[in-house]
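**Student:** sequence? don't have it. structure:
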């Protein structure tokens, strides 16, 4: 796929987020109190490693969101490393007017991800995020691998996605390079609507200015009311990845490995949340992840 130069405001397209993610076994979340139980485990691991940890005042206030993925019937977006996601936030049981639309190009190779101009051809506010997503190895507890995600996030009340690929590509030209008919229909992936329940329990301080906000989430299939997967994540934002102090970076990675090895009974290996939704009802999941 050939892409034009990137114009996201960072001339060299440097990463400015690092998000550490560990998927958790859904069967561990049989009660709401399991969010607090897992946070206590993580909190104790942080203390043992001299990582400063703070628990928020409203740490276990549960937020609910609906997450929908859209793609062609043959998953041409995901096969070409694109993700098209709509997220709706709920307040007091009611959906908010504005929706969040996220378009991602996520790839194992940083330079490949950096080369994609994910800017929309759309007036209004959009936010570009280039992330190093740190994940466990697919088949072994205690390791680290990266996916590099070049994202555009829009917040708008007007989102219509179940049309043709050419309509989406007219807003996000990077998708126009995909080798598929522009008339190809876009539809809800596997007809699955995900209910996301999330808490923001606190944050970590790894020293030398490296701080990260933590989240714990559970994804459920709204139609079947079955739990799909949980996730523990913490995200740090910085000006440039190269600016991170080597000791703080090493401490954050040591903590990430320790969370896996000290509580392996919670860890779900071998997939991502997106890959799990794409793989529902299928023997093989497409994509680069």
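**Tutor:** Alright, I've got the coordinates. Please read all numbers here as calculations on a predicted model, not as lab measurements.
**Student:** Counting neighbours, what do you get for residue 267?
**Tutor:** Using other Cβ atoms under 10 Å, residue 267 has 19 neighbouring residues. Every residue, glycine included, has its C-beta placed from N, CA and C.
**Student:** How about residue 74?
**Tutor:** 11.
**Student:** swap in residue 135?
**Tutor:** 20.
**Student:** With residue 132 instead?
**Tutor:** When counting by other Cβ under 10 Å, one arrives at 18 neighbours for residue 132.
**Student:** now it, what's its secondary structure?
**Tutor:** The local conformation at residue 132, judged by DSSP: H, G, I helix; E, B strand; the rest coil, is strand.
**Student:** in the sheet, who's paired with it?
**Tutor:** Beta-bridge pairing for residue 132 (DSSP bridges): residue 18, residue 148.
**Student:** List the residues that contact it.
**Tutor:** By Cβ atoms under 8 Å, 6 or more residues apart in numbering, residue 132 lies in contact with 15, 17, 18, 19, 110, 146, 148, 241.
**Student:** Need the per-residue pLDDT for residue 173.
**Tutor:** Here the pLDDT value assigned to residue 173 is 89.
**Student:** List the residues that contact it.
**Tutor:** 117, 121 are the contacts of residue 173 under Cβ under 8 Å, 6+ apart.
**Student:** so how far is residue 117 from it?
**Tutor:** Computed as Cβ to Cβ, to the nearest Å, the residue 173 to residue 117 distance reads 8 Å.
**Student:** before we move on, what about residue 82?
**Tutor:** From residue 82 over to residue 117 the distance is 13 Å, taken as Cβ to Cβ.
**Student:** got any residues that touch both of the two?
**Tutor:** With Cβ under 8 Å, 6+ apart, residue 82 and residue 117 have common neighbours residue 174.
**Student:** Compare these two (neighbour count), which wins?
**Tutor:** Legend: neighbour count by other Cβ under 10 Å for residue 82 and residue 117, higher for residue 82 (22 against 19).
**Student:** for the longest strand seen in the chain, which positions count as buried?
**Tutor:** In the chain, assigned by DSSP state E, the strand with the most residues is strand 94-107. The neighbour-count criterion (16 or more other Cβ atoms under 10 Å) identifies 99, 100, 101, 102, 103, 104, 105, 106, 107 as the buried residues of strand 94-107.
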